[in-house]
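1. Okay, sequence plus prediction incoming.
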Amino acid sequence: GNSVTQMEGPVTLSEEAFLTINCTYTATGYPSLFWYVQYPGEGLQLLLKATKADDKGSNKGFEATYRKETTSFHLEKGSVQVSDSAVYFCALSEANQAGTALIFGKGTTLSVSS
Amino acid sequence: ETGVTQTPRHLVMGMTNKKSLKCEQHLGHNAMYWYKQSAKKPLELMFVYSLEERVENNSVPSRFSPECPNSSHLFLHLHTLQPEDSALYLCASSQDIGPTDTQYFGPGTRLTVL
């Protein structure tokens, strides 16, 4: 079945460090890929998405490129801030006979210190 | 109010109680979802509704009973729950149930079953 694998956390960085959170997926067909972020005590918010191969999603300084050849969608940010501390979820969405489903990874906790 | 709202935000119930979770979306979307977020497990899709009709049920125990009276409201009725049902229950909505449709999440209801 379809699945998403994220790097284990927690990831601990100093402010202004470079961030990479790895995400790989297994899917039949051509899924859309998403990164969601969950701040403490809140629900999930869409961070960025890409709907086809080689698309780059970007938002708030975060970027991820849909790589079909490596089945990856790694999240990057050039300079993290304390306010980026949150849990990040990689997800894929693919149509099935029932409509569609979002399949999430387990999440990666990012902690940024000043 | 805007976006997706959920009430209550916190709920403590005994195993013999009956309670309901409420979700409301103010986005004019046609699809709504219930997810379960347990510690150290990926988000699990429970139910999907499109235009008030259930389109997916991922083998959820019958002690969870969804209801979608209209496209803006979604309920999750709970009865005779088990302690392992303690989790964060997230509601989401999307314009439709296509694979590129972004899902927008509410803040969740933190449920504790004693």
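-> Sure, I can see it. Numbers count the residues shown, from 1 in each chain, chains lettered A, B, ... in the order given.
2. make it CA atoms for all contacts and neighbour counts henceforth
-> OK.
3. In the lowest-mean-pLDDT helix or strand in chain B, which of the residues would be classed as buried?
-> Using mean pLDDT, DSSP states H and E, strand B:53-57 stands out as the lowest-scoring helix or strand of chain B, at a mean of 81. Judged by neighbour count (16 or more other CA atoms under 10 Å in any protein chain shown), strand B:53-57 contains these buried residues: B:54-56.
4. Stretch B:70-86 now?
-> Residues of stretch B:70-86 classed as buried by neighbour count (16+ other CA under 10 Å): B:71-76, B:78-81, B:85-86.
5. Can you get me the start-to-end distance on it?
-> End-to-end distance of stretch B:70-86: 27 Å, with CA to CA, to the nearest Å as the criterion.
6. right, is that stretch up against chain A?
-> No. In terms of CA under 8 Å from any CA of the partner chain, no part of stretch B:70-86 sits within range of chain A; the closest distance is 15.9 Å.
7. and that stretch, how far out from the chain's middle?
-> 7 Å (CA atoms, centre = their mean, to the nearest Å).
8. got it, and stretch B:8-22?
-> With CA atoms, centre = their mean as the basis, stretch B:8-22 stands 13 Å off its chain's centre.
9. What's the end-to-end length of that stretch?
-> 7 Å.
10. Spatially nearest residue to the residue of chain B found nearest chain A (excluding sequence neighbours)?
-> In chain B, the residue that lies nearest chain A is residue B:107 (3.8 Å; CA to the nearest CA). Excluding the flanking residues, the one nearest residue B:107 by CA to CA, 6 or more residues apart in numbering or on different chains is residue A:43, at 3.8 Å.
11. right, and that neighbour touches residue B:105 too?
-> Yes. Counting by CA atoms under 8 Å, residue A:43 sits close enough to residue B:105 to count as a contact (5.9 Å).
12. list the residues that contact both of these two?
-> Between them, residue A:43 and residue B:105 share these contacting residues under CA atoms under 8 Å, 6 or more residues apart in numbering or on different chains: residue B:90.
13. who's more crowded, these two?
-> residue B:105 (26 against 22; other CA atoms under 10 Å in any protein chain shown).
14. show me what contacts the more buried one?
-> The contact partners of residue B:105, taken as CA under 8 Å, 6+ apart, are A:43-45, B:4, B:90-93.
15. swap the cut-off to 10 Å and go again
-> Neighbour list for residue B:105: A:36, A:42-46, B:3-6, B:25, B:32-35, B:90-94 [criterion: CA atoms under 10 Å, 6 or more residues apart in numbering or on different chains].
16. what are the bridge partners for it, then?
-> Note on residue B:105: beta-bridge partners by DSSP bridges are residue B:92.
17. Report pLDDT for it.
-> In this model, residue B:105 is scored at 93, pLDDT.
18. Skipping its backbone neighbours, what lies nearest residue B:25 in space?
-> Nearest to residue B:25 is residue B:4, by CA to CA, 6+ apart, at 4.3 Å.
19. I'd like to know how many residues surround the one you found.
-> Other residues near residue B:4 number 21, with proximity taken as other CA under 10 Å.
20. and what of residue B:96?
-> Counted with other CA under 10 Å, residues neighbouring residue B:96 total 19.
21. do you know how far it is from residue B:31?
-> To residue B:31, residue B:96 is 5 Å away according to CA to CA.
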